[in-house]
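Student: With the sequence up front, the predicted model follows.
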Amino acid sequence: MHGGIKLNLSAIGFNEFFENEFESYKAEGYIVGRVALEHKRMYRVWTEEGELLCEVSGKFSYLAATREDFPAVGDWVVLKTRTGEDRGMIHGVLPRKSKFSRKAAGTNTEEQIVATNVDTIFLVNSLNDDLNLRRIERYLLLTWESGATPVIVLTKSDLCDDLEKKLSAIEGIAMGVPVVPVSVMEEKGISELEPFLLPGKTVALLGSSGVGKSTLTNYLLGDEKQKVQEIREVDDKGRHTTTHRELILLPGGTVLIDTPGMRELQLWDSSDGFVESFSDIETTAEECKFRNCTHEQEPGCAVKQAIHDGIFDIDRLLSYKKLQKELAYLERKQEKRAQVEEKKRRKSITISVKNAKK
């Protein structure tokens, strides 16, 4: 995208926080860059010298214990360039200011980092029939946990007949989070996103396939960077066109991360985000007669009373309990995995010591 064009680092999000972290590397002759694209452990990195194709060093790879240790899109990395080539070697990742993660698909208990160092996350949902409040709760939970600020963007508002009803339902689960209905076709609501699209800030678009992320990206970019295919008349969903996460520099100076649609969104280490997302239930629960109230049949349950009074609905409580169970299960699996890893590590050390004595 940028080839030999030199980039101003502060224009793509490099600030005092990262500058301080990079200080010790600078003295050793390293340069710093931002991961714009990752593909099979090869990385396109934006630097002051232009865009470089990079890989991680052997030492880096050897010391990386988990997938989380490897660079992700949005990361600031420490690297050295190869003389006369548009290539580089990554030697380290600077600490992350924010990190949106989910559990990787499949049976393994592994973290998949979706994007890092993001200031604002646009949680994109379509108003065109497929509005799922429970899915929005999941996205909100993981966004609060990431350290970024959520904004709910509702696309295809021109195709929605009961907008006010849907807005009311979403606001009921989105405690104080901005909710912005937009229509790219009619160019409505886009101006309400402008306060978040600031120079040097990073915004990630997250959502399921077909909700209009690529259409919105195209509009903000002002050209056909992301090929948007025609909406299928059968089910009114756009075809899933973004196949990988990538940094895109908008004309106004905002860094945008478009992401592939997520078919499933499994939680990952979200205890703080959980409290933030369900602050309505958590606060109400403090008024329950019993401290360990399960909000089932106990007398004096403030949560049940709030449902009876129409403050929030029963589905919100059921979702709260379901996600709570999911987090508890994940925690147990993570602990078990950590024990297995520790056992492997000890065994490896023992073998090394034995070999050294021979």
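Tutor: That came in fine, so what should we check first?
Student: Any idea which residue is closest to the centre of the protein?
Tutor: The centroid of the chain falls nearest to Phe100 when counting by CA atoms, centre = their mean (3.1 Å).
Student: My read is that that one contacts Leu206, right?
Tutor: Yes - contact between Phe100 and Leu206 holds when scored by CB atoms under 8 Å: they sit 7.2 Å apart. C-beta: built from backbone N, CA, C; applies to glycine.
Student: Need the overlap of contacts for these two.
Tutor: Val114, Ile121, Thr143 (CB atoms under 8 Å, 6 or more residues apart in numbering).
Student: how about a markdown table for the residues you listed, with neighbour count and pLDDT added?
Tutor: Output for those, formatted as a markdown table (neighbours: other CB atoms under 10 Å; pLDDT from 0 to 100):
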| residue | neighbour count | pLDDT |
| --- | --- | --- |
| Val114 | 24 | 80 |
| Ile121 | 31 | 90 |
| Thr143 | 28 | 82 |
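Student: Please, where are all the strands along this structure?
Tutor: For the chain, the strands defined by DSSP state E cover 31-39, 42-47, 50-56, 76-81, 87-93, 99-103, 111-116, 120-126, 149-155, 179-181, 202-206, 246-249, 255-258.
Student: As a markdown table, these with distance to Pro299 would be great.
Tutor: Listed next are the strands of the chain as a markdown table, based on distance: least, CB to CB, whole Å:
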| stretch | distance to Pro299 |
| --- | --- |
| strand 31-39 | 55 |
| strand 42-47 | 59 |
| strand 50-56 | 59 |
| strand 76-81 | 55 |
| strand 87-93 | 53 |
| strand 99-103 | 38 |
| strand 111-116 | 42 |
| strand 120-126 | 38 |
| strand 149-155 | 37 |
| strand 179-181 | 37 |
| strand 202-206 | 42 |
| strand 246-249 | 55 |
| strand 255-258 | 49 |
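Student: Out of those strands, which gets nearest to Arg138?
Tutor: strand 99-103 (8.9 Å; CB to CB).
Student: mind listing the helices for the stretch 101-250 of the chain?
Tutor: Ranges of helices within the stretch 101-250 of the chain are 133-146, 163-171, 213-221, based on DSSP state H, counting those that start in this stretch.
Student: quick one on the thing from earlier: would you mind giving the shared contacts of Phe100 and Leu206 as CSV with distance to Gly200 added?
Tutor: Output for those, formatted as CSV (distance: CB to CB, whole Å):
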residue, distance to Gly200
Val114, 21
Ile121, 17
Thr143, 21
